[in-house]
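Asks: Provide a 3D model corresponding to the input given below.
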Amino acid sequence: MYKIMTPGPTQVLENVRRARSLECTNPDLDADFVEFYKETCKLISSLLHTKNETLILDGEGILGLEAACASLTEPGDKALVLDNGIYGKGFADFVSIYQGIPEIYHADYEHTLDVNALAKFLEAHHDFKYATVVHCDTPSGMLNDISRICPLLKQYGILTVVDSVSAMFGELVDADAFQIDLLCGGSQKAVSAPPGLAFVVISDAAKKAIKDRKAPIASFYANLKLFENYYQDKWFPYTMPISDIYGLRAALDNIAADCEILKRHFIIADSTRKTLQAAGLKLHQKSGFSNTVTVFDVPKNVRTEWVLDKMKQEYSIMLAGSFDELAGKVIRIGHMGTNATVSNMIETFKALDHVLRQLGVQLHVPMDEYFLKMINQSSALS
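Replies: Next comes the predicted model:
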């Protein structure tokens, strides 16, 4: 078995695996399960600092993104797609699929989204029903400041759709304070449950927009409106994946009990970046560094697959490359959720140090030792 140090899916703790093996009831008929589902949704809302309703959907994290766009978009609706990463531009496909008109706001892929530049753009261009923004663009590790972006959009009455699948619970997400209308998450990133579930937090403004639309939603599975009366009617639009939700609940309980989860993610991410730079490796971005994933450029005369294969074959550790325009150019280390421990990172850096040196890369420091030094310094300061 590999130690999964990828930016999702992540390692899954034993109590989550055990929860998934609990005896199943019939989720279509058992009112107790409806209560369990409702309580789990309320726990997600609480952890994300919102009074808005959460819905858990039976599909990997991308289902939440599509469901948000499917449920909001009517033919001819204009949507602003904020694009400074591969997943950012991908939202345009969902808008188009449901016959909306995406307007892509292109920005620098090496820097976090410039909120001041966006503000100037919006002064003259703000006729949009909703806007999409990626909190953490996993392929590049880019982090965007949704605490400023979303309130700015709301000044113009633009509904906000946020993909925080790869950021939430490793980065602060205060859905109410940030004025997020549709907030999308997934089970397999910092939540640290297996892949298979998405969840969407829905504001009253988003519910009204969905309810008031004239055209029917052109989807069944990605239709958030179908859940409108699920609790009152004790009825789900499709059979809920009960074992997956049992596991998700256990993972969420782990998060609720981890009082220093955000601090831990920050210290490990900061120490990871400092270690890579001290070793002479180049971080891919110039700003917008995420606390859940670090991305560095593949050294000259080295191929991505050489590093990834050696890490797996010789050390049983799985890192990730990337895709699209970053294919073959970068390596990604996922330090999110249960991956984000000092012992996991020391083991990863020790193996990566050996692999890179075997491939002829001249490193300036032993990476595992330097990482521990950075951790100790952070602990002394905290």
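
Asks: Now the residue nearest to H364 when sequence neighbours are not counted. Its backbone dihedrals?
Replies: Leaving out its chain neighbours, the residue that sits closest to H364 by CB to CB, 6 or more residues apart in numbering is G280, at 4.6 Å. The C-beta positions use only the backbone N, C-alpha and C, and glycine is treated the same way. Backbone torsions for G280, taken as degrees, to the nearest 10, come to phi 100, psi 10.

Asks: can you give me the helices in the stretch 251-382 of the chain?
Replies: All helices of the stretch 251-382 of the chain, identified by DSSP state H, counting those that start in this stretch, fall at 261-278, 304-315, 342-358, 367-381.

Asks: do you know which of those lies nearest L118?
Replies: Relative to L118, the nearest member of the helices of the stretch 251-382 of the chain by CB to CB is helix 261-278, separated by 24.9 Å.

Asks: Format the helices of the stretch 251-382 of the chain as a markdown table; extra columns: mean neighbour count, mean pLDDT and distance to V81.
Replies: Output for these, formatted as a markdown table (neighbours: other CB atoms under 10 Å; pLDDT from 0 to 100; distance: least, CB to CB, whole Å):
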| stretch | mean neighbour count | mean pLDDT | distance to V81 |
| --- | --- | --- | --- |
| helix 261-278 | 20 | 97 | 27 |
| helix 304-315 | 16 | 98 | 28 |
| helix 342-358 | 19 | 98 | 34 |
| helix 367-381 | 16 | 89 | 37 |
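
Asks: can those helices go into a markdown table with extra columns for distance to Y87?
Replies: Output for these, formatted as a markdown table (distance: least, CB to CB, whole Å):
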| stretch | distance to Y87 |
| --- | --- |
| helix 261-278 | 19 |
| helix 304-315 | 20 |
| helix 342-358 | 24 |
| helix 367-381 | 28 |
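
Asks: Hmm, L363 and the residue nearest to H364 touching each other?
Replies: Yes: with the criterion set as CB atoms under 8 Å, G280 and L363 qualify as a contacting pair; they are 6.0 Å apart.

Asks: of those two, who's got more company?
Replies: Taking neighbours as other CB atoms under 10 Å, G280 and L363 compare with L363 leading, 17 against 13.

Asks: coming back round to it: what separation do you get for the residue nearest to H364 and Y370?
Replies: With the distance defined as CB to CB, to the nearest Å, G280 ends up 11 Å from Y370.

Asks: Check Y87 too.
Replies: Using CB to CB, we find Y87 at a distance of 31 Å from Y370.

Asks: how about low-confidence regions in the chain?
Replies: Residues of the chain that meet the criterion pLDDT under 70 lie in 380-382.

Asks: Can you name the residues that contact A70?
Replies: 94, 97-98, 217-219, 222-224 (CB atoms under 8 Å, 6 or more residues apart in numbering).

Asks: Same question for T348.
Replies: By CB under 8 Å, 6+ apart, the contact list for T348 reads 3, 5, 317, 319, 333.

Asks: Quickly name whichever of those residues is closest to D163.
Replies: Taking CB to CB as the measure, D163 sits nearest to I333 out of the contacts of T348, at 20.7 Å.

Asks: What segments of the stretch 201-350 of the chain are strands?
Replies: Along the stretch 201-350 of the chain, the stretches classed as strands by DSSP state E, counting those that start in this stretch are 293-297, 317-318, 330-334.

Asks: where does H106 fall, phi/psi-wise?
Replies: With angles defined as degrees, to the nearest 10, H106 sits at phi -80, psi 140.

Asks: Correction: the previous question concerned H111.
Replies: H111 adopts backbone torsions of phi -130, psi 150, taken as degrees, to the nearest 10.

Asks: For M142, see how far away it is.
Replies: H111 is 8 Å from M142, where distance means CB to CB.

Asks: Tell me which of the two has more neighbours.
Replies: M142 (30 against 13).

Asks: who's the more buried one bridged to?
Replies: For M142, the beta-bridge assignment (DSSP bridges) gives partners D137, F289.

Asks: Let me see the contact set for it.
Replies: Contacts of M142 were listed using CB under 8 Å, 6+ apart, and they are 84-85, 109, 112, 134, 136, 285, 288, 290.

Asks: ditto for Y98
Replies: In this structure, Y98 makes contact with 69-70, 73-75, 218-219, judged by CB under 8 Å, 6+ apart.

Asks: which of the contacts of A70 lies closest to L48?
Replies: Within the set of the contacts of A70, L224 lies nearest L48; the separation is 16.8 Å, counting by CB to CB.

Asks: counting contacts, what elements does the host helix or strand of C184 pack onto?
Replies: When secondary structure is defined by DSSP states H and E, C184 falls within strand 182-186. In this structure, strand 182-186 makes packing contacts with helix 62-72, strand 159-163, strand 198-202, judged by 3 or more CB pairs under 8 Å, 6 or more residues apart in numbering; DSSP states H and E.

Asks: Tabulate these (a markdown table), appending distance to K189.
Replies: Shown next, in a markdown table, are those (distance: least, CB to CB, whole Å):
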| stretch | distance to K189 |
| --- | --- |
| helix 62-72 | 12 |
| strand 159-163 | 11 |
| strand 198-202 | 11 |
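
Asks: any idea which of those is most buried?
Replies: The highest average neighbour count among the helices and strands packed on strand 182-186, using mean count of other CB atoms under 10 Å, belongs to strand 159-163 at a mean of 28.

Asks: Which strands and helices lie in contact with it?
Replies: For strand 159-163, the elements it packs on are helix 62-72, helix 86-97, strand 130-134, helix 146-154, strand 182-186, helix 204-212, judged by 3+ CB pairs under 8 Å, 6+ apart.
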